[in-house]
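In: only geometry, no sequence info:
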């Protein structure tokens with residue numbers, strides 16, 4: 001296995017048909033989650049699960065398709081700027097030397113069907129990660145520099161067909177299938193190259209209910225997806241080349257997610273939405289990598305916690321052709337101190353966003369900006385790192401990672417939508 005993209009036939013066909021290419025990714029919500037799956041979603045801090053009017057809301061709740069009376073296309077591209085930094089207690093203050101700018105595409109395509117049915121297809125990247133720490137960042141690896149954390153990367157995309165049924169004039173139900181294509185998983189040390197890829201299926205259900213002409217309830221659940229990974233494991237040190245690569249196998253479970261909220265149309269021009277989202281990060285517990293014979297090569301214990309995110313978004317119809325959008329979100333971090341890893345230097349964060357849409361007749365232009373303000377993470381573990389005890393185990397939660405971590409980022413998103 002190499003580091004080139006190698007998609008399944010279905011995934012390659014879908015990407016070629018839509019003109020989308022996954023260029024890069026990094027987590028912007030807690031853990032390695034990327035909840036921004038449309039430009040309007042970015043503008044409203046992802047508070048859209050109860051929205052029945054915006055095509056950019058369909059990826060958040062496909063049940064909303066029943067309240068659109070035409071075929072629709074929504075597509076966008078988000079530019080993420082991100083540069084994590086660390087000031088270690090023992091080591092060299094530095095920033096990640098990995099990619100610091102990423103382009104994330106997204107799209108939703110809806111066909112208004114027949115007999116109260118609608119069909120949709122979402123393509124997005126709901127998870128992602130990249131950090132790369134240069135040699136010497138963490139001084140606690142002195143004498144065992146080959147074990148020092150270096151490049152971590154998750155590149156994946158989701159292909160999500162959905163079908164929606166309009167139950168009556170005020171309610172709708174949707175069901176969908178999620179195909180997670182984990183194109184590249186990299187967990188390298190300065191003495192180990194570990195790469196893998198894989199794909200698997202999950203499912204989602206969604207519901208919307210117009211309580212009255214002002215209030216709408218929406219909810220969406222996505223199942224966990226466990227991906228079987230296959231790849232290669234190369235070990236080497238500073239004085240010798242890489243050894244013969246071994247086949248490597250592992251599993252990575254992406255969490256289940258549940259989002260629910262209410263949209264209230266305060267006036268004809270102003271609507272506000274309040275959402276909450278649960279993410280089952282406790283599924284990210286331990287990653288174990290084995291060779292073809294089942295012998296353990298390395299492991300990483302994380303034992304993350306389940307989390308909640310709380311969101312508010314507003315959409316204001318400034319004039320017949322222009323809408324203004326605002327949003328705020330507070331996301332809890334799933335990463336406990338006991339298993340902190342510099343691969344994902346995570347902490348609680350606040351998201352501030354704004355945006356607009358402009359009607360050009362046959363299509364709408366969408367623009368959004370988001371600031372992700374992550375709390376600085378002070379790590380003060382009293383658990384000493386001993387590389388001789390079990391060199392195959394990652395030093396998560398030990399004093400080798402003590403220090404202060406910063407990881408703010410911002411997003412600029414451009415999109416378009418049209419109905420026909």
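Out: Yep, it's here. All of these numbers come straight from a predicted model, not from anything done at the bench.
In: what segments of this protein are helices?
Out: 9-18, 39-43 (DSSP state H).
In: among these, show the one with the smallest mean pLDDT.
Out: Sorting the helices of the chain by mean pLDDT places helix 9-18 lowest, at a mean of 36.
In: low pLDDT regions in the stretch 101-250 of the chain?
Out: 143, 237-243 (pLDDT under 70).
In: contacting residues for the closest residue to residue 104 other than its chain neighbours?
Out: Excluding the flanking residues, the one nearest residue 104 by CB to CB, 6 or more residues apart in numbering is residue 78, at 4.6 Å. No exception for glycine: its C-beta is placed from N, CA and C like everyone else's. The contact partners of residue 78, by CB atoms under 8 Å, 6 or more residues apart in numbering, come to 36, 39, 42, 103, 104, 105, 106, 411, 412, 413.
In: can I get the buried part of those residues as one ChimeraX selection?
Out: In ChimeraX, this line selects whichever of the contacts of residue 78 come out buried by 16 or more other CB atoms under 10 Å:
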select :36,39,42,104,105,106,411,412,413
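In: in a markdown table, list the contacts of residue 78 along with distance to residue 140.
Out: Formatted as a markdown table, these follow (distance: CB to CB, whole Å):
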| residue | distance to residue 140 |
| --- | --- |
| 36 | 35 |
| 39 | 43 |
| 42 | 38 |
| 103 | 35 |
| 104 | 34 |
| 105 | 39 |
| 106 | 40 |
| 411 | 34 |
| 412 | 38 |
| 413 | 39 |
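In: show me the contacts of residue 78 that map onto strands.
Out: 103, 104, 105, 106, 411, 412, 413 (DSSP state E).
In: let me have the residues you listed in a markdown table, extended by distance to residue 47.
Out: Shown next, in a markdown table, are the ones in strands among the contacts of residue 78 (distance: CB to CB, whole Å):
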| residue | distance to residue 47 |
| --- | --- |
| 103 | 24 |
| 104 | 19 |
| 105 | 22 |
| 106 | 17 |
| 411 | 16 |
| 412 | 19 |
| 413 | 15 |
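In: closest one of those to residue 82?
Out: Nearest to residue 82 among these is residue 411, at 9.2 Å by CB to CB.
In: my guess is the closest one meets residue 82, correct?
Out: No: contact criterion CB atoms under 8 Å: residue 411 and residue 82 do not qualify, at 9.2 Å.
In: could you check how far residue 396 is from residue 78?
Out: 30 Å (CB to CB, to the nearest Å).
In: do residue 122 as well
Out: 15 Å.
In: also residue 223?
Out: 25 Å.
In: do residue 293 as well
Out: Applying CB to CB, the value for residue 293 to residue 78 is 43 Å.
In: what's the answer for residue 307, then?
Out: 22 Å.
In: now do residue 196
Out: Counting by CB to CB - residue 196 and residue 78 are separated by 26 Å.
In: cool, residue 370 as well?
Out: Plainly put, residue 370 is 9 Å away from residue 78 if you go by CB to CB.
In: who touches both of the two?
Out: 36, 42, 411, 413.
In: go ahead and confirm the last one touches residue 80.
Out: This points to residue 413. No: Residue 413 is beyond contact range of residue 80, at 9.2 Å (criterion: CB under 8 Å).
In: any chance you could map the strands in the stretch 251-400 of the chain?
Out: For the stretch 251-400 of the chain, strands defined by DSSP state E, counting those that start in this stretch occupy the ranges 257-265, 270-279, 286-290, 296-301, 307-319, 322-331, 349-359, 364-374, 377-379.
In: relative to residue 190, which of those strands is closest?
Out: Judging those by CB to CB, what sits closest to residue 190 is strand 296-301, at 13.7 Å.
In: tell me the angle that closest one makes with strand 286-290.
Out: 170 degrees (axes from the mean of the first three to the mean of the last three CA atoms, to 10 degrees).
In: now strand 296-301: buried residues?
Out: Per 16+ other CB under 10 Å, strand 296-301 contains these buried residues: 297, 298, 299, 300.
In: please apply the same query to stretch 127-145.
Out: Buried residues in stretch 127-145 (16+ other CB under 10 Å): 127-133, 137-138, 140-141, 144-145.
In: can those go into JSON lines with extra columns for distance to residue 165?
Out: Output for the buried residues of stretch 127-145, formatted as JSON lines (distance: CB to CB, whole Å):
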{"residue": "127", "distance to residue 165": "29"}
{"residue": "128", "distance to residue 165": "32"}
{"residue": "129", "distance to residue 165": "36"}
{"residue": "130", "distance to residue 165": "39"}
{"residue": "131", "distance to residue 165": "43"}
{"residue": "132", "distance to residue 165": "46"}
{"residue": "133", "distance to residue 165": "49"}
{"residue": "137", "distance to residue 165": "53"}
{"residue": "138", "distance to residue 165": "54"}
{"residue": "140", "distance to residue 165": "57"}
{"residue": "141", "distance to residue 165": "56"}
{"residue": "144", "distance to residue 165": "58"}
{"residue": "145", "distance to residue 165": "59"}
